Structures are given as structure tokens and as C-alpha cells.
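Student: following is a predicted model, sequence given first.
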Amino acid sequence: MRWIFPAAVLMLAACSGGKDEKQPAETADKAAPAPAAPEEPAEPAPVTGDADLAYTPDPSVTPPAAPEPGIGSGDKAIPAAVQGRWALKAADCAARRGADLTALVIDASTLRFFESAGDLARVRDRGANRIVADYKFSGEGEEWDRLMLLAVEDGGKTLVRRDYGEGAAAEPMRYTRCAA
């Protein structure tokens, strides 16, 4: 037992190297890396002609529990160019209501599909022909949140829909505008 205590003291002394001096400031500066500048959040690129699908959602932003105040009016509405009746299959434009399985009807604050509807909850990015927003969906006895980009191309003839998050389609969907 007498040998354990002196051995422990010797091991501690060996770890410190026997020096109790401080490093010169120049050496300390080289040893410690400079703190990295904070990264700027990714911003969606502006739309130029065709729909810009290069949106990178921020995974730390969660959908709101309830729609934000003012949703559905002014700059918190789905742009007029995006509103209307659309279909994935052009033939569904001629189908009677209820038989138009791929139809999508969009107004200032709601997306209506065959068996579900999504209410606009928060606008993340908006332009005259484009919106990136969070929607609160319900249908077939279920509820879910979805981040979605909607953009108009081809002079208003085509709607491009891109979903983000769990369960989202891997590729954008292209809809045809139905005649009024």
C-alpha cells in the first residue's frame, strides 16, 4: 500500500510533463482554430421563367399547430396564377366532379384533392407564380402536415407540385390547367 501513493504521484507528474509554464500568445493562437462564421440559411433561388424547384427546406422548421393569422389573404394567400382547377391526367378535366380522380382544385387558402383537402397554414416563400408553404391536410379519417411547392409554368398551362418531408413523392408532379 505504501508504494501505490508515490506511484500515483509520479504518474500524474509524468502526464503534466513537469512544466507549469503558459504558452506564448503566438503559439496559443496557432493551436486554437478560429471560430467558424455562422452559416447563412439557405434561401430559395428566385424564379426566372420556368418554375424553380430548387427549394431546400429547413428541417428544423416545424409546421405551425394552427394556421397563422391572415392566412388566405394578401401576401399570405396562394397566388392567383396558381389558383384554379388542375388535373394530372388531361382527361380528368372533362370528367364530372367526383369522377375526376387526379383533379386538384386550388383557391386562396385550400388545396382540394379527390379524397383529401389541405388548408394553408404558413407561407414560407411566395411570388406571383410560386408558393412554398405548409399545409394541414385531412382525408379518409387521417390528418397530416405537408410542406409543398406549387409553381406555374408554360404561361399558366402547367402546375408543378413538389412535396417535401416523410411520405413525399420523390419527383415533382405536373398538372394541366382545366378550362373553367
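Tutor: Right, received. Where do you want to start?
Student: going by C-alpha atoms from here, please, whenever you check contacts or count neighbours.
Tutor: OK.
Student: gap between residue 158 and residue 140?
Tutor: According to Cα to Cα, to the nearest Å, residue 158 stands 28 Å off from residue 140.
Student: residue 118 now?
Tutor: Note on residue 118: its distance to residue 140, by Cα to Cα, is 13 Å.
Student: pLDDT below threshold where in this structure?
Tutor: For the chain, applying pLDDT under 70 flags the ranges 1-54, 180.
Student: repeat that for 50
Tutor: Across the chain, the ranges flagged by pLDDT under 50 are 1-51.
Student: now residue 177, nearest residue through space, not along the chain?
Tutor: Closest residue to residue 177 apart from its sequence neighbours, by Cα to Cα, 6 or more residues apart in numbering: residue 86 at 4.5 Å.
Student: next up, the contacts around that neighbour.
Tutor: For residue 86, the contact set (Cα atoms under 8 Å, 6 or more residues apart in numbering) comprises 93, 103, 104, 105, 159, 175, 176, 177, 178.
Student: what do you get for residue 97?
Tutor: By Cα under 8 Å, 6+ apart, no residues touch residue 97.
Student: how close does it sit to residue 134?
Tutor: For residue 97, the distance to residue 134 equals 26 Å [Cα to Cα].
Student: tell me the secondary structure at residue 167.
Tutor: When classified by DSSP: H, G, I helix; E, B strand; the rest coil, residue 167 comes out as coil.
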